[in-house]
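Peer 1: turn this into a model:
(one chain, ligands or ions: 3)
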Amino acid sequence: MLKIEGLTAEIDGKQILKGLDLEVPAGEVHAIMGPNGAGKSTLSYVLSGREGYEITGGSVTFHGKDLLAMEPEERAASGLFLAFQYPVELPGVGNATFLRTALNAIRRQRGEPELDAMQFLKLARSRMKELSMPEDMLKRGVNVGFSGGEKKRNEVLQMALLNPSLAILDETDSGLDIDALKIVSEGVNALRGPGFSALVITHYQRLLNYIVPDRVHVLVNGRIAKSGGKELALELEAHGYAEVAA
Ligand code: ADP
Ligand code: MG
Ligand code: MG
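Peer 2: Ligands and ions are numbered 1, 2, ... in the order given. Next up is the predicted model:
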């Protein structure tokens, strides 16, 4: 489903990814852990097609297609979703309008009919019910006055509506409080199934108590230094990156 081979990338002439190999089969949740500055966020930005990163070598195939040759919109339409580390506030833009615009942009790219306001509300309400979310979140401005937990909830709702085949969740190193952790985890766990994969990027082990990964990879200095099962996360927590990835 996702296959990364020998990926090298730089920003401002500084090499950050130094020959990264990673494979995520359909239906699996993989965690990427690693010390600060290892290149975790760079990997997520490179995969999503953010500007400013120069790919200097290697390949990435997504559903058998060359991901790196695709525009960011095409990547999203192909099923790639990147959760925002720092959600933006958009005063004056209703959350329902924002979410519907995002969904319709993807539907247009896929050649699917756009949803009108009524059709969207119906879909959004059913998804929100599944995720036990209060309906008034749709009526508010995008993230305006949202608590940290509500912002996360909104991100999870956006993910559930877009229904990605690969979600990349890059969590801030400052970490989330326990409530926000649970919201994100429940959202990801609710989507788990044969057509959904996730790359969960985290500096800390505790998120993985809630989202139990199929595989754990340790990213050190721009490369995957070690891969293993979910127990690898506990080893890292106990012994640190330097020792485990040596
Ligand atoms: P992580 O997410 O693992 O903490 P990042 O991918 O954010 O690591 O950063 C990897 C390295 O790239 C760090 O050394 C960081 O200082 C550097 N870096 C990130 N963004 C830029 C930038 N815009 N210009 C120069 N260096 C950058
Ligand atoms: Mg960092
Ligand atoms: Mg980071």
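Peer 1: what does this structure put close to ligand 1?
Peer 2: 11, 12, 14, 16, 34, 36, 37, 38, 39, 40, 41, 42 (CB under 6 Å from any ligand atom). C-beta coordinates here come from the backbone N, C-alpha and C atoms, glycine included.
Peer 1: now the particular helix or strand that has residue 126 in it: how far from the chain's centre is it?
Peer 2: Under the criterion of DSSP states H and E, residue 126 resides in helix 117-130. Relative to the mean C-alpha coordinate of its chain, helix 117-130 is positioned 22 Å out (CA atoms, centre = their mean, to the nearest Å).
Peer 1: ok, and for that helix, which residues are buried?
Peer 2: 120, 123, 124, 127, 128 (16 or more other CB atoms under 10 Å).
Peer 1: in helices only, show me the residues of the chain next to ligand 1.
Peer 2: 40, 41, 42 (DSSP state H).
Peer 1: go ahead and flag the most central residue of the protein.
Peer 2: Taking CA atoms, centre = their mean, the centroid of the chain lies closest to residue 168, which sits 1.9 Å from it.
Peer 1: let me see the backbone angles for that residue.
Peer 2: Recorded main-chain torsions at residue 168 are phi -110, psi 120, according to degrees, to the nearest 10.
Peer 1: ok, residue 212 next?
Peer 2: phi -80, psi 110.
Peer 1: tell me, how many residues neighbour the residue nearest to it when sequence neighbours are not counted?
Peer 2: In space, residue 212 comes closest to residue 230 once its chain neighbours are excluded; the distance is 5.7 Å by CB to CB, 6 or more residues apart in numbering. Applying other CB atoms under 10 Å, we find 16 residues neighbouring residue 230.
Peer 1: contacts only, for residue 230.
Peer 2: 208, 212, 213, 214, 216 (CB atoms under 8 Å, 6 or more residues apart in numbering).
Peer 1: closest one of those residues to ligand 1?
Peer 2: residue 216 (15.1 Å; CB to the nearest ligand atom).
Peer 1: that closest one against residue 28, yeah?
Peer 2: No: using CB atoms under 8 Å, residue 216 makes no contact with residue 28, being 11.5 Å away.
Peer 1: burial of residue 104, as a residue count?
Peer 2: Neighbours of residue 104 using other CB under 10 Å come to 16.
Peer 1: quickly find the element holding it.
Peer 2: helix 95-109.
Peer 1: swap in residue 30?
Peer 2: Short version, using DSSP H and E: residue 30 is in strand 29-33.
Peer 1: for that strand, give me every contacting residue.
Peer 2: 22, 24, 40, 43, 188, 192, 197-203, 205, 208, 211-219, 233, 236, 241.
Peer 1: which ones among those residues are found in helices?
Peer 2: Of the contacts of strand 29-33, the ones assigned to helices by DSSP H are 40, 43, 188, 208, 233, 236, 241.
Peer 1: list the contacts of the last one.
Peer 2: Think residue 241. Counted by CB under 8 Å, 6+ apart, residue 241 has contacts 33, 34, 35, 218, 220.
Peer 1: separation between it and residue 36?
Peer 2: 10 Å (CB to CB, to the nearest Å).
Peer 1: cool, and the fourth one?
Peer 2: Taken as CB to CB, the spacing of residue 208 relative to residue 36 amounts to 18 Å.
Peer 1: more neighbours: those two, which one.
Peer 2: Higher neighbour count among residue 208 and residue 36: residue 208, with 22 against 9, using other CB under 10 Å.
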